[in-house]
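> Curious how this folds, go ahead:
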Amino acid sequence: MTERRFAKRTLFLWLYLVFALLPIYWMLNMSFKTNEEILSSFSLLPQQFTWANYATIFTDPSWYSGYVNSLIYVAINTVISITVALPAAYAFSRYSFLGDKHVFFWLLTNRMTPPAVFLLPFFQLYTTVGLMDTHVAVALAHLLFNVPLAVWILEGFMSGIPRELDETAYIDGYSFPRFFLTVFLPLIKAGVGVAAFFCFMFSWVELLLARTLTSVNAKPIVATMTRTVSASGMDWATLAAAGVLTIVPGAVVIWFVRHYIAKGFAMGRV
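Residues are numbered from 1 along each chain as shown. Sure thing, here's the model as predicted:
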């Protein structure tokens with residue numbers, strides 16, 4: 001009976017894995033085809049294998065600059081988000097103050113608000129101060145959503161560290177910066193990894209703000225991929241190749257923080 005249940009679970013997991021990976025495989029399959037083959041036939045493997053679609057992306061500045069722009073503002077946003085969230089999360093985990101629960105809930109409501117709500121205020125503000133079409137503009141706009149999430153994740157990890165550790169460090173003569181950087185931060189490195197991962201992924205895939213707040217100089221890849229329509233129709237092959245390359249940075253980040261994400265699930269913060 002137990003073996004039968006195990007076999008059913010294994011079959012279900014395999015079916016789910018095939019279902020989840022099928023769109024990725026199909027996009028990879030399309031990326032090695034020509035537009036004519038994509039539109040004219042249905043095949044599990046390319047009949048006319050070609051690297052031309054990837055060559056287009058790596059040689060056309062309008063394509064590869066999109067990846068560079070995305071990586072720049074995503075890196076800026078992730079670093080600032082974690083830097084700002086660390087002291088905020090420590091305050092929420094260690095101190096009680098008037099309205100702390102309400103402030104913490106208010107942070108989460110910002111994360112739950114659709115980006116479209118803040119689109120017009122950001123647009124008018126950046127137009128006034130001259131930040132339109134810059135990497136900093138998108139990075140700062142994404143802070144509104146990533147900082148609350150990072151604070152929420154880090155607060156859960158910090159609350160799992162006994163407060164006696166802080167008191168012992170102070171008795172031993174540690175200053176707060178020294179204690180936080182050399183003792184406390186290594187203990188919550190899993191939380192930092194999880195928070196950085198989710199900040200990275202939100203900024204990497206977010207489209208509305210990134211597309212509206214940029215035009216040429218800082219246009220991200222997600223905006224570039226929406227402009228593949230021409231007089232001759234949709235460039236499906238190049239779009240598929242761009243989609244494959246867009247998955248790569250996220251897959252690399254997941255590989256490095258996979259153990260931390262599992263710990264975050266175990267702690268109930270992911």
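> Low-confidence regions, the protein specifically.
1-3, 6, 228-233, 262-270 (pLDDT under 70).
> which residue ranges form the helices in it?
Along the chain, counting by DSSP state H, helices occupy 2-31, 35-40, 52-59, 61-94, 100-112, 119-129, 135-159, 164-171, 176-179, 185-187, 189-205, 208-212, 221-224, 236-267.
> Now distance to residue 46 too, for these, in JSON lines please.
(Each C-beta comes from the backbone N, C-alpha and C, glycine too.) Shown next, in JSON lines, are those (distance: least, CB to CB, whole Å):
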{"stretch": "helix 2-31", "distance to residue 46": "7"}
{"stretch": "helix 35-40", "distance to residue 46": "7"}
{"stretch": "helix 52-59", "distance to residue 46": "11"}
{"stretch": "helix 61-94", "distance to residue 46": "21"}
{"stretch": "helix 100-112", "distance to residue 46": "42"}
{"stretch": "helix 119-129", "distance to residue 46": "40"}
{"stretch": "helix 135-159", "distance to residue 46": "36"}
{"stretch": "helix 164-171", "distance to residue 46": "58"}
{"stretch": "helix 176-179", "distance to residue 46": "57"}
{"stretch": "helix 185-187", "distance to residue 46": "48"}
{"stretch": "helix 189-205", "distance to residue 46": "27"}
{"stretch": "helix 208-212", "distance to residue 46": "31"}
{"stretch": "helix 221-224", "distance to residue 46": "24"}
{"stretch": "helix 236-267", "distance to residue 46": "10"}
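> Turn those helices into CSV, including mean neighbour count.
Shown next, in CSV, are the helices of the chain (neighbours: other CB atoms under 10 Å):
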stretch, mean neighbour count
helix 2-31, 11
helix 35-40, 14
helix 52-59, 15
helix 61-94, 19
helix 100-112, 12
helix 119-129, 13
helix 135-159, 23
helix 164-171, 12
helix 176-179, 12
helix 185-187, 12
helix 189-205, 22
helix 208-212, 20
helix 221-224, 21
helix 236-267, 16
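> quick one: the residue lying closest to residue 260 once chain neighbours are set aside from residue 206, how far?
Leaving aside its sequence neighbours, residue 260 sits nearest to residue 193 (CB to CB, 6 or more residues apart in numbering; 3.6 Å). Taking CB to CB, to the nearest Å as the measure, residue 193 falls 21 Å from residue 206.
> tell me the contacts of the spatially closest residue to residue 62 that is not a sequence neighbour?
In this structure, residue 62 finds its nearest non-sequential neighbour in residue 224, 6.6 Å apart by CB to CB, 6+ apart. Listed by CB atoms under 8 Å, 6 or more residues apart in numbering, the contact partners of residue 224 are 62, 63, 66, 242.
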